[in-house]
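[1] Let's see this in three dimensions:
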Amino acid sequence: MSHLIAADIETALQNASWIRRMFEAGAELKKARGAENVFDFSLGNPDVPPPAKTREVLHALADDAVRPCGLGYMPNAGLPAFREALAKKLAQEQACPALQGKHVIVTVGAAGALVAFFRAVLECGDEVLVPSPYFVEYGFYCGHFGGVLKPVPMQGPAFTLDTNALLAAVTDKTRVILLNSPNNPTGAVYKAEDVERLATAINELNRTRERPIYLLSDEPYRLFAFDGVSVPPVLSHSPYAAVLGSFSKSLSLAGERIGYIALNPNLEGVDTLLAAITMTNRTLGYVNAPILGQRLAMALLNERVDLAIYDERRKAMAKVLTEAGLEFALPQGAFYFFPKAPGGDDVAFCAKLMEHGIIAVPGRGFGMPGYIRLCCAVEVDIIERSAAAFKEACR
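    Here you go, the predicted model:
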């Protein structure tokens, strides 16, 4: 064991993210075979251009930035005007008309919102329940502060929300139930009645608990819903609910790192929790989210990337996987597929795919062995050209 770093971080390095591991393997394969001969579906990096208005806004920001304090510090919770604009938009999305700017905190991406929230509410040993499969970084986000991620398996291939399983997993140590819809890696969109039932049960449980359970909804893919599916609100169903998201996917601004968290105004003591998250947002070293990113997102708040491009890719990927004979549920949202691995061994199947130039991520990297994740945030031409390779690998 190395004495240069903490033991838990050394363990984390040895069990590095399967996403990054496969992405790096793909990079090596591209060097060996040529990029045109490799079909990389590993990394969820949005590649559709930002809205056309972005160029105009950036030019205006450049002129404004050179004024005195144009790039200086701001309130730790974010630009007041941006918080007010966000609150107005979220009040409609979340059916929560009482939401005001003071109930919204701007963060360094949705990840920064999660980390700041966990630092504000978790004690060592507190449990965070999450439907599995799940985004693997959740374990690190809560584990930094002694929290314990407790995955609760959902049933494939659709991976709909199993409220009975989640509620059965609740213990005295449960502090947060974390939802992610549309889901990464499955593309599932949870039904309104399931979300409402879970929120109602949490409200009832909290009547007898000294330390409440929070219902936290991670929604960076909220705008990515297809075939007329709508993503139900969460915030309005419980005073203990909080919603977070970002503009990384909806505006293709992943590198700008602009996210937010919004609390239900009806939470008793909401001002205390807001003050705590604002403080942790600062003292974790974020200080405030990037000022140019905030101004850019505020100017583009009612814009979004062209979802028709992602929908075309989704349909192309569904066709390729169907013709290859893979079993999967058509994703309702986000830009991922989560098909079953033939034979049940996801690592072996990913290795077989790689032999044919396809880079996928084993499902165990998301807490669900036996499946693989494919990201279709790539050009349709790449998806269509991968068809023969999928058929050969599955043969």
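[2] From now on I want contacts and neighbour counts done on CA atoms only, so please keep to that.
    Noted.
[3] Spit out the contact partners of the spatially most central residue of the chain.
    By CA atoms, centre = their mean, the mean C-alpha position of the chain lies nearest to residue 220, the distance being 5.1 Å. Contacts for residue 220 (CA atoms under 8 Å, 6 or more residues apart in numbering) come out as 110, 244, 245, 246, 247, 248, 249, 250.
[4] wait, is residue 105 part of a strand?
    Yes - Residue 105 sits within a strand when classified using DSSP: H, G, I helix; E, B strand; the rest coil.
[5] For it, which residues are in contact?
    By CA under 8 Å, 6+ apart, the neighbours of residue 105 are 77, 78, 83, 260, 261, 262, 274, 277, 278.
[6] mind putting those residues in a markdown table, pLDDT and neighbour count included?
    Shown next, in a markdown table, are the contacts of residue 105 (pLDDT from 0 to 100; neighbours: other CA atoms under 10 Å):
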| residue | pLDDT | neighbour count |
| --- | --- | --- |
| 77 | 97 | 25 |
| 78 | 97 | 23 |
| 83 | 98 | 23 |
| 260 | 98 | 26 |
| 261 | 98 | 28 |
| 262 | 98 | 28 |
| 274 | 98 | 21 |
| 277 | 98 | 26 |
| 278 | 98 | 25 |
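[7] Among the residues you listed, list the two that are farthest apart in space.
    Using CA to CA, the pair of these lying farthest apart is 83 and 277, separated by 14.6 Å.
[8] Going by secondary structure, residue 251 is in what exactly?
    Under the criterion DSSP states H and E, no helix or strand holds residue 251.
[9] Tell me how many other residues crowd it.
    Residue 251 sits with 22 neighbouring residues when counted by other CA atoms under 10 Å.
[10] try the one 4 residues further on
    If you count neighbours by other CA under 10 Å, residue 255 ends up with 10.
[11] Same question for the longest helix along the chain: list its buried residues.
    Looking across the chain with DSSP state H, the single longest helix is helix 307-324. By 16 or more other CA atoms under 10 Å, the buried positions in helix 307-324 come out as 310, 311, 313, 314, 316, 317, 318, 320, 321, 324.
[12] Name the surrounding residues that touch it.
    So helix 307-324 is contacted by 48, 224, 226, 327, 330, 335, 376-380, 383-384, 386-387, 390-391, 394 (CA under 8 Å, 6+ apart).
[13] what mean pLDDT would you report for the next helix or strand after it?
    Using DSSP H and E, the helix or strand that follows helix 307-324 in sequence is strand 336-337. Mean pLDDT, computed over strand 336-337, is 98.
[14] what packs against strand 336-337?
    Packing partners of strand 336-337 (3 or more CA pairs under 8 Å, 6 or more residues apart in numbering; DSSP states H and E): strand 372-375.
[15] Tabulate the CA atom coordinates of the helix or strand that the strand it packs on is followed by in CSV.
    Counting by DSSP H and E, the next helix or strand C-terminal to strand 372-375 is helix 380-385. Taking Å, rounded to 0.1, in the frame of the first residue of the first chain, the C-alpha atoms of helix 380-385 are listed here in CSV:
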residue,chain,number,x,y,z
VAL,A,380,-25.7,8.8,-36.9
ASP,A,381,-23.1,7.7,-39.4
ILE,A,382,-21.0,6.1,-36.7
ILE,A,383,-24.1,4.3,-35.2
GLU,A,384,-25.1,2.9,-38.6
ARG,A,385,-21.6,1.8,-39.6
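[16] quick one: buried residues of helix 380-385?
    380, 382, 383.
[17] now those residues as a markdown table including pLDDT and distance to residue 371?
    Conversion of the buried residues of helix 380-385 to a markdown table gives the following (pLDDT from 0 to 100; distance: CA to CA, whole Å):
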| residue | pLDDT | distance to residue 371 |
| --- | --- | --- |
| 380 | 96 | 23 |
| 382 | 95 | 22 |
| 383 | 97 | 19 |
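[18] Considering the residues you listed, which is situated nearest to residue 57?
    Scanning the buried residues of helix 380-385 for proximity to residue 57, where the rule is CA to CA, the winner is residue 380, at 29.3 Å.
[19] residue boundaries of the helices in this protein?
    7-14, 18-33, 53-65, 80-93, 109-121, 137-143, 163-168, 192-206, 270-281, 291-299, 307-324, 346-355, 380-385, 387-394.
[20] so which of these gets nearest residue 72?
    Residue 72 lies closest to helix 291-299 among the helices of the chain, at 7.9 Å (CA to CA).
[21] Would you mind getting the angle between that closest one and helix 80-93?
    Computed by axes from the mean of the first three to the mean of the last three CA atoms, to 10 degrees, the angle separating helix 291-299 from helix 80-93 equals 40 degrees.
[22] From the chain's centroid, how far away is helix 291-299?
    Relative to its chain's centre, helix 291-299 lies at 20 Å (CA atoms, centre = their mean, to the nearest Å).
[23] Same check on stretch 350-360?
    The answer for stretch 350-360 is 25 Å, by CA atoms, centre = their mean.
[24] Now tell me what touches that stretch from outside.
    22-23, 26, 29, 37-42, 361-362, 372-374, 386, 389-390, 392-393.
[25] do the same with stretch 170-182
    The set of residues external to stretch 170-182 that reach it, using CA under 8 Å, 6+ apart, is 121-122, 125-131, 134, 187-190, 211-219, 221-222, 224-225, 231, 332-334.
[26] swap in stretch 145-157?
    The contact list for stretch 145-157 (CA under 8 Å, 6+ apart) reads 118-119, 122-134, 138-139, 142-143, 160-162, 165-166, 169, 327-329, 338-340, 367-368.
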